[in-house]
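Trainee: I need the structure of the sequence given here:
(chains A and B)
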Amino acid sequence: MAEYHLTTPMTDADVEKLRAGDVVHLTGIIYTGRDAAHKRLVDALDAGQSLPFDPRGAVIYYVGPSPARPGYVIGAAGPTTSYRMDSFAPRLIAEGLKGMIGKGMRAPEVKAAMAEHKAVYFGATGGAGALLGLRIKKARVIAYEDLGPEAVRELTVEDFPVLVINDCHGGDLYAVPELEAALG
Amino acid sequence: MRTISRQSVVDAVAAMCIDANRYLPADVLASFAKAKAAETVASAREIFGQLEENAALAARTGLPLCQDCGLGVFFVEVGEEVRLEDGSLREAINAGMVKGYGDGFLRKSTCDPFTRKNVGDNSPAIIHFDLVPGDALKICMMAKGGGSENMSRVMMLAPAQGLPGIREFVIRRVAESGSNPCPPILVGVGIGGNFELAAINSKKALMRQVDDVHPDPEVAAMEADLLASINRLGIGPMGLGGATTCLGVKIKTAPCHLASLPLAVNIQCHSSRHKEVTL
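Mentor: Below is the predicted model of the structure:
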């Protein structure tokens, strides 16, 4: 397992070198978006409209942060469960999205889209919201402000720690549950 | 009849909401330390280290432990000889929760089920009242996140399925949940009652201490068996493999209809945030 420092936007070459299990420190701009925001992003594409950010090379972090306390740029900001974005992710990957940060398992269609268009799924530690929020240097809402925690934000991160869960070569880091052993 | 002021309920509930989201209970933290020491997988130890660091950072900075500050769920035991001096108890608890989520910079997560429009203040609180003897008011609060809640299930088993059926359903549910609910998890199990009581009991069970032992030896044995069995799944912290998929299994039982065997599994993430106060 290797360790990489990558800056956004990411390229095909960045994605191709990554393997499940690699540790990545991300620096640059990443965008937030989760359930309701994803629906709007895909609705916008269906309507022939442009997205509130350039999807090419972009990384989306599935997060709905808590409000920023005075003196902080953002509140707690750990990943939310990714499967809820599975029905939208292939469309965004086809538009050039290179990375997704979340937690939990992805659908086969998402993994297939990642292999076809060269994209990567990163995991961050779920529930470590205070720790991850403190790694974010700047945050501003750029779209869908009415969605509150689900609004699309532009985050500036430095050495944001993530782990490659699914790479574009079919690699998958998640343990397969040993059901036989458990049922005994 | 003893009277309690509305303001004392509002203040107590607001403080509980903030503290529950900011300070991980000592028994949960102790369970992290114990599990970390027993882990042989490097990623599992690393995750426990991050969770311990996260808890320390939240306590120091006042940031919530997790961005998902949950729905405010309350189990309230109302003494038959206590009443609120001014106003309704339900309204006072709700107002306290709204105040706590506002003052504490906690995320407001309630929304309309169809339009998905955010209510904006995390209301309404979900409150379960029990009438009990005495003149005390006990309020238990749980900040219940959506990621783990989504992995929960109710199942109406046939009585003939018995204990083996219960055991298999619980283990399969955890296996199917995999990395989604932020393992290591706690598992609340409601057995018996009816459709809705099993679900309520599965969540009430999660108010217990991680390491306590159920007073009924048979139930205690079942909790121990389920815990050991679930941990053989090998899902591990964050689904990256390891010895700790589950920190504790807590069962609450109730008598049921002779035709039924209701079963509910409520999954709780490692950030098991809850507080209780007696006024």
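Trainee: Would you list the phi and psi of A:Gly99?
Mentor: When read as degrees, to the nearest 10, the backbone of A:Gly99 gives phi -150, psi 150.
Trainee: Please report the distance of it from B:Val277.
Mentor: 44 Å (CB to CB, to the nearest Å). Just so you know, the C-beta spots here come from the backbone N, C-alpha and C atoms, and that holds for glycine as well.
Trainee: ditto for A:Ser66
Mentor: 23 Å.
Trainee: Does A:Ile101 belong to a helix, a strand or coil?
Mentor: strand (DSSP: H, G, I helix; E, B strand; the rest coil).
Trainee: Can you give me the neighbour number for it?
Mentor: Residues near A:Ile101, counting by other CB atoms under 10 Å in any protein chain shown, number 26.
Trainee: Quick one: residues contacting it.
Mentor: A:Ile30, A:Val59, A:Ile60, A:Tyr61, A:Tyr62, A:Val63, A:Pro79, A:Phe122, A:Gly123, A:Ala124, A:Val162 (CB atoms under 8 Å, 6 or more residues apart in numbering or on different chains).
Trainee: ok, of these, which come out buried?
Mentor: Listed as buried from the contacts of A:Ile101 are A:Ile30, A:Val59, A:Ile60, A:Tyr61, A:Tyr62, A:Val63, A:Pro79, A:Phe122, A:Gly123, A:Ala124, A:Val162; burial here means 16 or more other CB atoms under 10 Å in any protein chain shown.
Trainee: for the stretch 101-250 of chain B, what spans make up the strands?
Mentor: For the stretch 101-250 of chain B, the strands defined by DSSP state E, counting those that start in this stretch cover B:126-132, B:137-144, B:153-157, B:185-192, B:246-254.
Trainee: May I see those strands arranged in JSON lines, with distance to B:Asp68 as well?
Mentor: Shown next, in JSON lines, are the strands of the stretch 101-250 of chain B (distance: least, CB to CB, whole Å):
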{"stretch": "strand B:126-132", "distance to B:Asp68": "15"}
{"stretch": "strand B:137-144", "distance to B:Asp68": "8"}
{"stretch": "strand B:153-157", "distance to B:Asp68": "20"}
{"stretch": "strand B:185-192", "distance to B:Asp68": "15"}
{"stretch": "strand B:246-254", "distance to B:Asp68": "19"}
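Trainee: deepest of those, which one?
Mentor: Among the strands of the stretch 101-250 of chain B, ranked by average contacts under mean count of other CB atoms under 10 Å in any protein chain shown, first place goes to strand B:185-192 (a mean of 25).
Trainee: From the chain's centroid, how far away is that strand?
Mentor: 10 Å (CA atoms, centre = their mean, to the nearest Å).
Trainee: can it be found next to chain A?
Mentor: No. Using CB under 8 Å from any CB of the partner chain, strand B:185-192 stays clear of chain A, coming no nearer than 10.7 Å.
Trainee: CA atoms of stretch B:249-263 as CSV?
Mentor: C-alpha atoms of stretch B:249-263 as CSV (Å, rounded to 0.1, in the frame of the first residue of the first chain):
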residue,chain,number,x,y,z
VAL,B,249,-25.5,-6.2,22.0
LYS,B,250,-28.3,-5.0,24.2
ILE,B,251,-31.7,-6.8,24.3
LYS,B,252,-35.0,-5.7,25.7
THR,B,253,-37.8,-8.1,25.8
ALA,B,254,-41.6,-7.8,26.3
PRO,B,255,-44.4,-10.4,26.4
CYS,B,256,-46.1,-10.9,23.0
HIS,B,257,-49.2,-12.3,21.3
LEU,B,258,-49.2,-16.1,21.0
ALA,B,259,-49.3,-15.8,17.2
SER,B,260,-46.3,-13.4,17.0
LEU,B,261,-42.6,-13.1,17.5
PRO,B,262,-41.8,-9.5,16.8
LEU,B,263,-38.1,-8.6,16.4
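Trainee: Show me which of A:Gly99 and B:Val277 is the more surrounded one.
Mentor: Between A:Gly99 and B:Val277, counted using other CB under 10 Å, the more crowded position is A:Gly99 (27 against 15).
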